[in-house]
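[1] structure for the following, please:
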Amino acid sequence: MTATHSHSQAALVELRALDLDTPAGRPLIRGLDAVISPGDRVALIGRNGAGKSSLLGLVAGRREDPSGALTTRGSSRLVGQDPSLDEGQTRGRALVERGRRDPRLEAEIAAARERAGLPPLAELLTRRALSRGELRKLLLLAAFIDEPELLLLDEPTQDLDERGLAWLRSAIASWPNALLVASHSRGLLAQFEHFFVVAESGCRYLPGRFAAVEAKLEREAIEHERRYVEGLARLERDERRNRKISQRRARKKNLGRIHELRRRTSRARLNEKRGQAQQSQARAAAIRRDRIERSRGWTEAMRRALRVELPLDALVAALPPDRGEPLLVAEGLSCAREGRALFDQLELRVGRERVAITGPNGSGKTTLLKILLGELEPDAGQVHAETERIGRIDQGAANWRDDRSTIELLVEPGQRGDPEALTRAAELVVAHRFPLALAERPLAELSPGERVRAALICLFRREPAVELLVLDEPTVSLDFVGLAALSEALRAWPGGLLVASHDAEFLAAVGLDGQVELGRCS
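    Below is the predicted model of the structure:
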């Protein structure tokens with residue numbers, strides 16, 4: 001990675017030979033050299049989990065540099081991907097106090113707050129809880145008003161409603177200082193002409209319009225999958241070679257025992273040593289055989305899947321006949337929070353229909369889903385849900401943090417050696433355009449966007465079959481390849497869909513039969 005501009009002023013950030021790992025020790029970035037100068041406007045792009053957030057946190061001083069040199073100058077501010085209520089309240093109170101001391105600034109804050117779709121700050125700060133969108137708007141507002149020399153934004157469009165998105169794009173367009181943004185939003189990335197691509201294979205700088213950069217990266221992703229499978233095949237061959245070497249070593253050990261017998265070692269001691277060696281060798285051999293067989297079966301399954309690439313609609317589990325009855329019924333639902341009515345006397349019936357829940361930040365979309373799924377009690381009304389026929393993915397797939405991998409969830413333990421079962425699983429992963437390497441990692445280790453996609457793949461094959469999907473902001477944290485794949489998957493889905501989302505483009509892509517729009521905040 002290199003600087004996008006050259007300036008006479010000193011650089012704001014200099015990175016030299018930087019290595020960056022996850023907290024668990026997985027390598028993210030190696031040997032990174034980069035310079036950010038005053039006035040640079042750069043977008044960080046890359047697949048989920050590649051290290052964009054880690055890099056932003058490092059530059060902002062929120063994590064330590066494990067290796068390499070980092071130099072920072074001037075003021076900076078990071079608005080992170082997971083906003084903190086404490087930080088939001090602290091920044092908000094500071095804005096209110098500054099406004100009291102400076103009437104012109106107070107008017108500027110009020111105008112920006114109105115454009116963002118936030119209520120008066122004095123009212124907002126009295127609430128015990130804020131929606132993620134309201135909290136993000138508050139932190140972004142404080143950052144724009146404070147005007148640091150370097151502004152770092154991590155997925156700033158996440159959780160924002162249409163009004164908030166329009167305000168954010170306008171604020172970024174007029175931002176006078178250096179800007180480093182990690183985002184998957186096509187609309188936002190279209191405002192940039194300089195991109196740092198963050199990837200495990202190496203980071204690099206790409207100039208140009210986003211559409212051309214996106215097309216290039218998609219071509220590279222397809223080629224990467226093929227190289228990954230070829231690499232697994234090589235590892236499998238190396239494992240077979242290592243097994244032969246181990247067998248030769250075992251024969252040499254047997255010769256050693258014969259020599260020991262000639263030295264008249266006591267029979268009891270010899271039998272003891274022989275038994276221990278045999279047990280150890282048997283355990284090691286069983287582990288090697290199991291690893292080789294699993295690797296061989298999965299590698300061959302991936303090869304077949306990459307060659308065939310079946311369409312998703314051919315891989316989705318067949319649903320039972322539609323009985324024409326709703327799977328989720330809400331009657332007269334009412335709910336208020338801290339004196340604000342979120343919804344009143346709401347009626348909803350969802351079966352095989354596709355219904356979106358929309359509304360501005362703080363209108364109660366997530367609260368409504370939690371009531372419908374039995375997590376929260378409404379103030380009034382009742383809900384009936386056929387829970388065994390409903391599949392659910394929370395924001396960031398928080399309810400799918402599992403120590404098992406996608407493949408383990410797709411293939412029954414007794415079928416791990418079945419070529420047909422492995423091939424079906426591989427075909428489904430490939431059809432979803434999900435990275436094959438990630439399909440072998442535990443879901444708990446995946447990024448939120450990756451975990452949402454993995455959860456959907458698993459729900460497509462769940463038994464008994466899921467007939468209604470309930471998704472809460474499924475596009476949050478998704479990279480652009482993942483977003484396109486998710487949209488395609490949901491278009492192919494033959495069952496019902498109830499989805500809360502701010503992403504109008506995504507909702508249009510999946511197709512809707514109806515929409516529930518919750519009330520607007522003041």
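
[2] which ones are touching the residue nearest to W175 when sequence neighbours are not counted?
    Nearest residue to W175, sequence neighbours excluded (CB to CB, 6 or more residues apart in numbering): L151, at 6.7 Å. Any C-beta I mention is one placed from the backbone N, CA and C, and that applies to glycine too. Residues near L151 by CB atoms under 8 Å, 6 or more residues apart in numbering: S76, R77, V79, A143, F144, W175, N177, A178, L179, L180.

[3] tell me which of these fall in strands.
    S76, R77, V79, A178, L179, L180 (DSSP state E).

[4] in TSV: these, plus neighbour count and distance to R63.
    Listed next are those as TSV, based on neighbours: other CB atoms under 10 Å; distance: CB to CB, whole Å:
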residue	neighbour count	distance to R63
S76	20	14
R77	18	16
V79	24	16
A178	24	20
L179	19	21
L180	26	16
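
[5] before we move on, the earlier item: the residue nearest to W175 bridge partners, please.
    Bridge pairing for L151 (DSSP bridges) gives the partners R77, L179.

[6] nearest the middle, which residue of this structure would you pick?
    The centre of the chain sits closest to G449, judged by CA atoms, centre = their mean, with a distance of 1.9 Å.

[7] and the helix or strand containing E97, what does it pack against?
    Assigned by DSSP states H and E, E97 belongs to helix 85-101. Contact here means 3 or more CB pairs under 8 Å, 6 or more residues apart in numbering; DSSP states H and E; on that basis helix 85-101 packs against helix 103-116, helix 121-124, helix 132-146.

[8] to L44, which of those helices lies closest?
    Closest to L44 of the helices and strands packed on helix 85-101 is helix 132-146 (CB to CB; 16.8 Å).

[9] name the residues that touch the closest one?
    By CB under 8 Å, 6+ apart, the surrounding residues in contact with helix 132-146 are 77, 79, 83-85, 87-88, 91-92, 94-95, 98, 105, 108-109, 112-113, 116-118, 121, 124, 130, 151, 153, 156, 158-161, 164, 167-168, 171, 175, 360-362, 395, 502.

[10] after the helix or strand of the chain with the lowest mean pLDDT, next one along is what?
    Lowest on mean pLDDT, DSSP states H and E among the helices and strands of the chain sits helix 267-308, with a mean of 61. Beyond helix 267-308 in the direction of the C-terminus, DSSP H and E gives the next helix or strand as strand 328-337.

[11] quick one, the following helix or strand past that next one and strand 328-337 angle?
    Later in the chain than strand 328-337, the nearest helix or strand by DSSP H and E is strand 340-350. With axes from the mean of the first three to the mean of the last three CA atoms, to 10 degrees as the basis, strand 340-350 and strand 328-337 are set at 180 degrees to each other.

[12] check which helices and strands strand 340-350 is in contact with.
    Applying 3+ CB pairs under 8 Å, 6+ apart, we find strand 340-350 packed against strand 328-337, helix 365-372, strand 380-385.

[13] quick check on the contacts of helix 132-146: which are buried?
    Neighbour-count burial within the contacts of helix 132-146 applies to 77, 79, 83, 88, 91-92, 95, 109, 112-113, 116-118, 121, 124, 130, 151, 153, 156, 158-161, 164, 167-168, 171, 175, 360-362, 395, 502; the criterion is 16 or more other CB atoms under 10 Å.

[14] how is this protein divided into domains?
    Under the assignment automatic domain parsing, the domains of the chain span 13-208, 219-308, 328-517.

[15] first to last residue in the last one, what's the distance?
    Meaning domain 328-517. One end of domain 328-517 to the other measures 18 Å (CA to CA, to the nearest Å).

[16] so F196 belongs to a strand, correct?
    Yes - the assignment for F196, made by DSSP: H, G, I helix; E, B strand; the rest coil, places it in a strand.

[17] and it, what are its bridge partners?
    Beta-bridge pairing for F196 (DSSP bridges): L44, Y205.

[18] quick check: it vs P207, distance?
    Separation of F196 from P207 (CB to CB, to the nearest Å) stands at 11 Å.

[19] same thing with L55?
    19 Å.

[20] what's the answer for P83, then?
    Using CB to CB, P83 is found at 31 Å from P207.

[21] ranking the helices and strands packed on helix 85-101 by burial, who's on top?
    helix 132-146 (a mean of 23; mean count of other CB atoms under 10 Å).

[22] dump that one to CSV, keeping only the CA atoms.
    Only the C-alpha atoms of helix 132-146 are listed here, as CSV (Å, rounded to 0.1, in the frame of the first residue of the first chain):
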residue,chain,number,x,y,z
ARG,A,132,-27.8,1.5,17.1
GLY,A,133,-28.7,3.8,14.3
GLU,A,134,-29.4,6.7,16.7
LEU,A,135,-26.1,6.0,18.5
ARG,A,136,-24.1,5.9,15.3
LYS,A,137,-25.6,9.2,14.1
LEU,A,138,-24.8,10.9,17.4
LEU,A,139,-21.1,9.7,17.2
LEU,A,140,-20.8,10.7,13.6
LEU,A,141,-22.4,14.1,14.3
ALA,A,142,-19.8,14.7,17.1
ALA,A,143,-16.9,13.7,14.9
PHE,A,144,-18.0,16.0,12.0
ILE,A,145,-18.5,18.9,14.3
ASP,A,146,-15.1,18.4,16.0
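
[23] what residues are up against the closest residue to G74 other than its chain neighbours?
    If the residues on either side of it in the chain are set aside, G74 comes closest to E149, at 3.8 Å by CB to CB, 6+ apart. E149 is in contact with L12, P38, G74, S75, S76, N177, A178, counting by CB under 8 Å, 6+ apart.

[24] may I see the ChimeraX selection of the buried members of the residues you listed?
    To isolate the buried ones among those in ChimeraX, judged by 16+ other CB under 10 Å, type:
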select :12,38,76,177,178
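
[25] export the contacts of E149 to JSON lines and tack on pLDDT and distance to L486?
    Putting those into JSON lines (pLDDT from 0 to 100; distance: CB to CB, whole Å) gives the following:
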{"residue": "L12", "pLDDT": "94", "distance to L486": "36"}
{"residue": "P38", "pLDDT": "95", "distance to L486": "38"}
{"residue": "G74", "pLDDT": "92", "distance to L486": "39"}
{"residue": "S75", "pLDDT": "94", "distance to L486": "38"}
{"residue": "S76", "pLDDT": "95", "distance to L486": "33"}
{"residue": "N177", "pLDDT": "96", "distance to L486": "34"}
{"residue": "A178", "pLDDT": "96", "distance to L486": "33"}
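
[26] was I right about E463 contacting L319?
    No - contact criterion CB atoms under 8 Å: E463 and L319 do not qualify, at 11.7 Å.

[27] of those two, which one has the most company?
    L319 (16 against 7; other CB atoms under 10 Å).

[28] wait, what's in contact with that one?
    A465, E467, P494, G495.

[29] ok, now E467?
    Applying CB under 8 Å, 6+ apart, one finds that E467 lies in contact with L319, P320, L327, G351, R352, E386, R389, I390, G495, G496.

[30] and the gap between it and K52?
    Using CB to CB, we find E467 at a distance of 37 Å from K52.

[31] kindly report the same for L512.
    In terms of CB to CB, L512 sits 31 Å off from K52.

[32] more neighbours: which of the two?
    Comparing L512 with K52 by other CB under 10 Å, the one with more neighbours is K52, at 29 against 14.

[33] give me the pLDDT for the closest residue to the more buried one other than its chain neighbours.
    Distance criterion CB to CB, 6+ apart; nearest residue to K52, sequence neighbours excluded, is A182 at 4.0 Å. At A182, the model reports a pLDDT of 94.

[34] for the one 3 residues further on, same thing?
    With respect to pLDDT, S185 scores 87.
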